[in-house]
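J.: pasting the sequence and the predicted model now:
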Amino acid sequence: MKNMSSIISSHKTILEPNVDETGCSCKNKLECPVENKCLTKKVIYKAEVKNNKNEDTKIYIGLSENSFKERYRNHTKSFRHDKYKNETVLSKYIWDLKENDECQ
């Protein structure tokens with residue numbers, strides 16, 4: 001059985017972005033969600049979602065194999081279109097808040 005160190009070592013490439021694939025393609029660089037590094041692949045990201053009724057905040061941790069920008073777009077698509085509401089745990093939670101009138 002592998003020890004924890006060897007398991008983590010085998011996933012090291014997930015945690016290290018490929019430097020050649022970083023940068024930004026946003027039209028407005030000031031609106032880039034990750035400080036002009038949205039094209040970085042294999043990133044771990046965190047989203048905080050606040051429930052407007054009871055001020056409760058939930059934290060979602062995600063891992064993106066593709067670029068952060070592509071992952072971000074897929075998340076926002078799943079928040080807007082109900083046919084994608086079951087794509088991720090995050091989108092399920094957002095739709096639950098929407099259906100219970102707990103978010104804007």
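T.: All right, it came through fine. Numbering: from 1, shown residues only.
J.: do you know how far Y72 is from K98?
T.: Y72 is 19 Å from K98, where distance means C-beta to C-beta, to the nearest Å. Using the backbone N, CA and C atoms, a C-beta is placed for each residue, glycine as well.
J.: of the two, who's got more company?
T.: A direct count of neighbours by other C-beta atoms under 10 Å for Y72 and K98 places Y72 higher, at 17 against 14.
J.: part of a helix, is the more buried one?
T.: Yes. Per DSSP: H, G, I helix; E, B strand; the rest coil, Y72 lies within a helix segment.
J.: which non-adjacent residue is nearest it?
T.: P33 (6.0 Å; C-beta to C-beta, 6 or more residues apart in numbering).
J.: again with T57
T.: K50 is the one closest to T57 (C-beta to C-beta, 6+ apart), at 4.9 Å.
J.: for whatever helix or strand T76 lives in, list every residue counted as buried.
T.: Assigning secondary structure by DSSP states H and E places T76 in helix 68-80. For helix 68-80, a neighbour-count test (16 or more other C-beta atoms under 10 Å) marks F68, K69, R71, Y72, N74, H75, S78, F79 as buried.
J.: tell me the one of these nearest C24?
T.: Nearest to C24 among the buried residues of helix 68-80 is K69, at 8.2 Å by C-beta to C-beta.
J.: could you report the distance from the closest one to E99?
T.: 28 Å.
J.: which SSE is immediately downstream of the lowest-mean-pLDDT helix or strand in the chain?
T.: Counting by mean pLDDT, DSSP states H and E, the chain has its least confident helix or strand at helix 12-15, which shows a mean of 48. The C-terminal neighbour of helix 12-15 among helices and strands, as given by DSSP H and E, is strand 41-50.
J.: buried sites along that following strand?
T.: For strand 41-50, burial by neighbour count (16+ other C-beta under 10 Å) applies to K41, K42, V43.
J.: same check, this time on stretch 93-104
T.: In stretch 93-104, counting by 16+ other C-beta under 10 Å, buried: Y93, I94, W95, L97, C103.
J.: in helices, which of those residues appear?
T.: Y93, I94, W95, L97 (DSSP state H).
J.: so where is this protein shaky, pLDDT-wise?
T.: 1-21, 102-104 (pLDDT under 70).
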